[in-house]
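Colleague: using only what follows, build the 3D model:
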Amino acid sequence: MGREEHSFTVSLTERRSDVLVRPIDGLRAAMRAVKDTQPFAILAMVVLPEDLRAIEFRNARCIIERSNLSEHPDKVTEITYYVDKVKWIVQQAEDETVVGADGETVSHVDRTIDDHGKVVTEDNNGVVTTYSYTENGAVRH
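Modeller: Residues are numbered from 1 along each chain as shown. Here you go, the predicted structure:
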């Protein structure tokens, strides 16, 4: 199962109205209220005086990989996400566990996330990587 992706358009019947752009804070508050109950991420949004267009997606929680090759058995990846609805961080994978057809854990990745949604440490099957960031949020080299 991949991520769910949707797009939507809101068009005003009164084309000369500025109801979408004048109270932009109200639009943001309404979207935040929806995200409080249904986390999603906006990939792109355009707000024009006469309509609003957006593409959004929901994160996959379980990915099932099927194989017809005996040397590559089926596996299931379960993912949990770091979510901070106030900062609109909903797509940062925090924990990934891959389980084979026999029910045994094949792989495990655990991440520590900071208050800005940035990965601070990543433990990938016992190999730990630590990240630091510049003031702009870019990974330091």
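Colleague: ok, the residue of the chain most remote from its centre to Glu50 distance?
Modeller: Ranked by distance from the centre of the chain (C-alpha atoms, centre = their mean), the top residue is Arg16, with 35.2 Å. Arg16 sits 8 Å away from Glu50, going by C-beta to C-beta, to the nearest Å. Placement of C-beta: from N, CA and C, glycine included.
Colleague: report pLDDT for Val128.
Modeller: Looking at Val128, its pLDDT reads 96.
Colleague: residue contacts, the nearest residue to it once chain neighbours are set aside?
Modeller: Nearest residue to Val128, sequence neighbours excluded (C-beta to C-beta, 6 or more residues apart in numbering): Thr121, at 6.1 Å. Applying C-beta atoms under 8 Å, 6 or more residues apart in numbering, we find Thr121 in contact with Arg111, Thr112, Val128, Thr129, Thr130, Tyr131.
Colleague: got a list of what the last one touches?
Modeller: So the one you mean is Tyr131. By C-beta under 8 Å, 6+ apart, the residues touching Tyr131 are Lys118, Val119, Val120, Thr121, Glu122, Val139, Arg140.
Colleague: show me where the protein has strands.
Modeller: Remark: strands assigned in the chain by DSSP state E are 4-11, 41-47, 51-58, 62-65, 75-84, 89-100, 105-113, 119-124, 127-130.
Colleague: partner residues bridging Asp110?
Modeller: Going by DSSP bridges, Asp110 is paired in beta bridges with Asp95, Asp123.
Colleague: for Arg66, see how far away it is.
Modeller: Remark: distance between Asp110 and Arg66 (C-beta to C-beta) = 26 Å.
Colleague: buried stuff in stretch 99-119?
Modeller: For stretch 99-119, the neighbour count (16 or more other C-beta atoms under 10 Å) marks Val99, Val109, Arg111, Ile113, Gly117, Lys118, Val119 as buried.
Colleague: now the last one, which residues is it bridged with?
Modeller: According to DSSP bridges, the residues that bridge with Val119 are Ile113.
Colleague: which pLDDT value goes with it?
Modeller: pLDDT, Val119: 92.
Colleague: so it makes contact with Thr112?
Modeller: Yes - Val119 lies in contact with Thr112 (C-beta atoms under 8 Å); the separation is 7.2 Å.
Colleague: thank you, goodbye.
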